[in-house]
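K.L.:
fold the following and give me the result.
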Amino acid sequence: MAPTRVAAAVILRADGSVLLAQRPQGKPYAGYWEFPGGKLEPGETARHALDRELAEELGLVVRRASPWLVQEYVYPHAHVELHFFRVFAFAGEPHGHDGQAFRWQRPGAFDVAPLLPANTRVLAALTLPSVQGITCAGDLGEDVFLARAARALDRGLAWVQLREKSWPRDRVEAFAARLMPLVRAHGATVVVNGAEEDARRLHADGVHWTSAALAAATQRPEGMLVGASCHTRDELGRAASLGVDYAVVGPVKPTPTHPGARTLGWAGFAELIAGTRVPVYALGGLDGSDLDIAVEHGAHGIAMRRAMWPAA
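P.N.:
Take a look at the predicted model:
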């Protein structure tokens, strides 16, 4: 039997908090907390359902919203497919037509309970930064790169992927010994492009798999962040089945390192990731000005290499 399709809203305030609603008495899982939303009506798109449900149930008018994640969950009473949108702008103040309670909550610091189990991956995804910086010390030179990395971290960069694939192991380790204290001093996160043992040896927060590593994996490492580079819907599906925390997809635009390579463009990117089960970062020829357009096309955020570390 096909699952019941539901539109769900991750409504964000300017301070980064999100709105949760408590399920009213008389409904399954009464008293549990969830993201607001409701079932799609026949012939209705998920976005139309989102707008209608927030207007009818909360009295809100959606001004700006973007598709984000799709999650599927089988409850004892229902099999649901949840189409999550991030709502960045809205008019009105939430008030429940069914008298339910609402709370604004900080991602990573929710204090309401219990939460519906279908939201587990969504809660984790909300803690991921919107920008990931990928190292390019091999291009810039280590000293220059570290000086630029310090400036980026000072400006608020919260996530670095250590990726120097052409270097031998001992050089990567020596570079990591210089990079890690800098990143840690700013409270930022580090993932290593390589294998689980590389990430653990370098005391990183996680590992980023190549598409080949993703294809060879049988399970995700425990106790660390796990990401993967994906180029096809099949790879995104495999990433979701292994429970990775995020995926990187590209190239969206031409890049200096791959001249003449086929690019997705924003329309192709949106088509490729539509219905994704994992948060996706857009990659390839991007700079900070591309963040909003990436989000509009379904991305969680963007990953940048050269543009992340400008000279000035």
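
K.L.:
centre of the chain to stretch 202-211, how far?
P.N.:
16 Å (C-alpha atoms, centre = their mean, to the nearest Å).

K.L.:
longest helix in this structure, please.
P.N.:
helix 169-185 (DSSP state H).

K.L.:
now it: average pLDDT?
P.N.:
Average pLDDT, helix 169-185: 97.

K.L.:
and it, what does it pack against?
P.N.:
helix 142-154, strand 159-162, strand 189-193 (3 or more C-beta pairs under 8 Å, 6 or more residues apart in numbering; DSSP states H and E). Using the backbone N, CA and C atoms, a C-beta is placed for each residue, glycine as well.

K.L.:
burial count for residue 218?
P.N.:
For residue 218, the count of nearby residues is 5 (other C-beta atoms under 10 Å).

K.L.:
and the longest helix of the chain, which residues are buried?
P.N.:
172, 175, 176, 179, 180, 182, 183 (16 or more other C-beta atoms under 10 Å).

K.L.:
equivalent analysis for stretch 286-297, please.
P.N.:
For stretch 286-297, by 16+ other C-beta under 10 Å, it's 286, 290, 291, 294, 295, 297.

K.L.:
check stretch 113-120 too.
P.N.:
Those buried within stretch 113-120 under the rule 16+ other C-beta under 10 Å are 115, 116, 118, 119.

K.L.:
next, give me the two most distant ones among these.
P.N.:
Using C-beta to C-beta, the pair of those lying farthest apart is 115 and 118, separated by 9.1 Å.

K.L.:
between the two, what contacts are shared?
P.N.:
Common contact partners of residue 115 and residue 118 (C-beta atoms under 8 Å, 6 or more residues apart in numbering): residue 34.

K.L.:
what does the pLDDT read for the residue nearest to residue 269 when sequence neighbours are not counted?
P.N.:
Excluding its sequence neighbours, the residue lying closest to residue 269 (C-beta to C-beta, 6 or more residues apart in numbering) is residue 252, at 5.2 Å. You'll see residue 252 listed with a pLDDT of 97.

K.L.:
and for residue 252, the neighbour number?
P.N.:
Other residues close to residue 252 by other C-beta under 10 Å number 23.

K.L.:
which phi and psi values does it adopt?
P.N.:
Residue 252 has phi and psi values of phi -80, psi -40 when expressed as degrees, to the nearest 10.

K.L.:
pick out the residue closest to the middle of the chain.
P.N.:
The structure's the chain has its C-alpha centroid closest to residue 279; by C-alpha atoms, centre = their mean the separation is 3.4 Å.

K.L.:
that one reaches residue 303, doesn't it?
P.N.:
No - between residue 279 and residue 303 there is no contact under C-beta atoms under 8 Å: 11.6 Å.

K.L.:
how about low-confidence regions in the stretch 1-150 of the chain?
P.N.:
Scanning the stretch 1-150 of the chain for pLDDT under 70 picks out nothing.

K.L.:
would you map the strands across it?
P.N.:
4-11, 18-22, 33-34, 37-39, 61-74, 79-91, 102-105, 131-134 (DSSP state E, counting those that start in this stretch).

K.L.:
which parts of the fourth one are buried?
P.N.:
Read that as strand 37-39. 37, 38.

K.L.:
output the contacting helices and strands for that strand.
P.N.:
With 3+ C-beta pairs under 8 Å, 6+ apart as the test, strand 37-39 has strand 4-11, helix 46-53 packed against it.

K.L.:
let's see 6 Å
P.N.:
strand 4-11 (3 or more C-beta pairs under 6 Å, 6 or more residues apart in numbering; DSSP states H and E).

K.L.:
same thing with the longest one?
P.N.:
Contact here means 3+ C-beta pairs under 6 Å, 6+ apart; on that basis strand 61-74 packs against strand 79-91.

K.L.:
and the angle from the strand it packs on to strand 18-22?
P.N.:
Interaxial angle, strand 79-91 versus strand 18-22 (axes from the mean of the first three to the mean of the last three C-alpha atoms, to 10 degrees): 130 degrees.

K.L.:
in stretch 222-238, which residues are buried?
P.N.:
Neighbour-count burial for stretch 222-238, counted by 16+ other C-beta under 10 Å, picks out 224, 225, 226, 227, 228, 229, 230, 235, 236, 238.

K.L.:
now, which of those lie within helices?
P.N.:
Those of these lying in helices (DSSP H): 235, 236, 238.

K.L.:
so what's the residue count around the residue nearest to residue 111 when sequence neighbours are not counted?
P.N.:
Nearest non-adjacent residue to residue 111, counting by C-beta to C-beta, 6+ apart: residue 105, 7.1 Å away. Residue 105 has 18 neighbours, counted by other C-beta under 10 Å.
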